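Participant: Just to be clear, the model below is a prediction. Sequence and coordinates:
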Amino acid sequence: MSDEKAASREWPEGRERRHNLELRERLDEILELARKLFREASQMSPDELEQARERVEWLAQEIWEAAVYGPLEERDRRAADDTDEDESGR
């Protein structure tokens, strides 16, 4: 990575895993669920499989949002900042 690209990042290289803990937790959770499904799907009831499918979809959405928009606390902080700016601009 060039020095220019490294300088443009919001955090030092190698800290991303610690910076976006929400993303890391969701990725770990979906991996754990995928492993469980691989081992146990043949013994699961249709209702259990449906619940697992819904959980995978929810986790996928959470992973997308954490990856694209950052950790939830940062999204909330940005939204609050935007609201403050809108109110002060009136």
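Facilitator: Perfect, thanks for sending it. Numbering: from 1, shown residues only.

Participant: where in the protein is pLDDT low?
Facilitator: 1-18, 86, 88-90 (pLDDT under 70).

Participant: again, only using 80
Facilitator: 1-19, 72-79, 82-90 (pLDDT under 80).

Participant: where exactly do the helices run in it?
Facilitator: Ranges of helices within the chain are 3-8, 16-19, 21-40, 46-69, 72-88, based on DSSP state H.

Participant: Between helix 46-69 and the last one, find me the angle.
Facilitator: Between the axis of helix 72-88 and that of helix 46-69 there is an angle of 60 degrees, by axes from the mean of the first three to the mean of the last three CA atoms, to 10 degrees.

Participant: Give me the residues contacting stretch 30-38.
Facilitator: Met44, Ala52, Arg55, Val56, Leu59, Ala60, Ile63 (CB atoms under 8 Å, 6 or more residues apart in numbering). Using the backbone N, CA and C atoms, a C-beta is placed for each residue, glycine as well.

Participant: any chance of the helices of the chain in a markdown table, plus mean neighbour count?
Facilitator: Formatted as a markdown table, the helices of the chain follow (neighbours: other CB atoms under 10 Å):
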| stretch | mean neighbour count |
| --- | --- |
| helix 3-8 | 8 |
| helix 16-19 | 12 |
| helix 21-40 | 14 |
| helix 46-69 | 13 |
| helix 72-88 | 11 |
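
Participant: For Ala79, state which of the contacts of stretch 30-38 is nearest.
Facilitator: Lowest distance from Ala79 to the contacts of stretch 30-38 (CB to CB) belongs to Ile63, with 19.9 Å.

Participant: and that closest one, what is it in contact with?
Facilitator: Neighbouring residues of Ile63 by CB under 8 Å, 6+ apart: Leu23, Arg26, Leu27, Ile30.

Participant: got JSON lines for those residues, with distance to Thr83 too?
Facilitator: As requested, the contacts of Ile63 are exported to JSON lines (distance: CB to CB, whole Å):
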{"residue": "Leu23", "distance to Thr83": "25"}
{"residue": "Arg26", "distance to Thr83": "26"}
{"residue": "Leu27", "distance to Thr83": "30"}
{"residue": "Ile30", "distance to Thr83": "32"}
